[in-house]
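[1] Following is a predicted model, sequence given first.
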Amino acid sequence: MDDDDLPRRRDDILAALIKQPLDPLSLDELDDRVAVLESEIERVKAHKAAAGTFKANAEALFRKG
């Protein structure tokens with residue numbers, strides 16, 4: 001079973017984030033939120049790329065042996 005098939009934990013921060021109401025936020029607060037989320041997306045993409053490179057290198061190493 002893939003991790004994607006598992007239910008999210010109740011204390012999952014992403015689940016809590018998407019449940020937050022946006023109506024109380026000002027336009028400036030919404031802009032700040034978007035900037036923070038875009039920054040986090042870039043950080044996650046960089047980590048994913050590094051993990052993919054690590055995995056590919058490990059697989060290549062074991063294929064040679």
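    All right, it came through fine.
[2] got any ranges where the protein has weak pLDDT?
    Filtered on pLDDT under 70, the chain yields the residue ranges 1-10, 64-65.
[3] Try it again at 50.
    For the chain, applying pLDDT under 50 flags the ranges 1.
[4] Return the distance of Ser39 relative to Asp32.
    Distance, Ser39 to Asp32, using CB to CB, to the nearest Å: 11 Å. Every C-beta, even on glycine, is put in place using the N, C-alpha and C of the backbone.
[5] Over to Ala51?
    Taking CB to CB, one finds Ala51 at 29 Å from Asp32.
[6] for Ala50, same thing?
    Distance from Ala50 to Asp32, counting by CB to CB: 27 Å.
[7] what's the longest helix in the protein?
    Assignment by DSSP state H gives helix 27-64 as the longest helix of the chain.
[8] got the buried residues for it?
    Neighbour counts over helix 27-64 (16 or more other CB atoms under 10 Å) mark no residue as buried.
[9] starting at the chain centroid, how far to that helix?
    The chain centre lies 7 Å from the centre of helix 27-64; the measure is CA atoms, centre = their mean, to the nearest Å.
[10] Against which helices or strands is that helix packed?
    The contact analysis (3 or more CB pairs under 8 Å, 6 or more residues apart in numbering; DSSP states H and E) places helix 27-64 against no helix or strand.
[11] What residues does the residue most central in space within the chain make contact with?
    What sits nearest the mean C-alpha location of the chain, by CA atoms, centre = their mean, is Val44, with 5.0 Å. The contact partners of Val44, taken as CB atoms under 8 Å, 6 or more residues apart in numbering, number zero.
[12] any idea how far it is from Leu61?
    Using CB to CB, Val44 is found at 26 Å from Leu61.
[13] And Glu29, by the same measure?
    On the measure of CB to CB, Glu29 and Leu61 end up 48 Å apart.
[14] Next: Ser26.
    Distance of Ser26 to Leu61, computed by CB to CB: 52 Å.
[15] and what of Asp32?
    With distances taken as CB to CB, Asp32 is found 44 Å from Leu61.
[16] Repeat that for Ile41.
    With CB to CB as the criterion, Ile41 and Leu61 are 30 Å apart.
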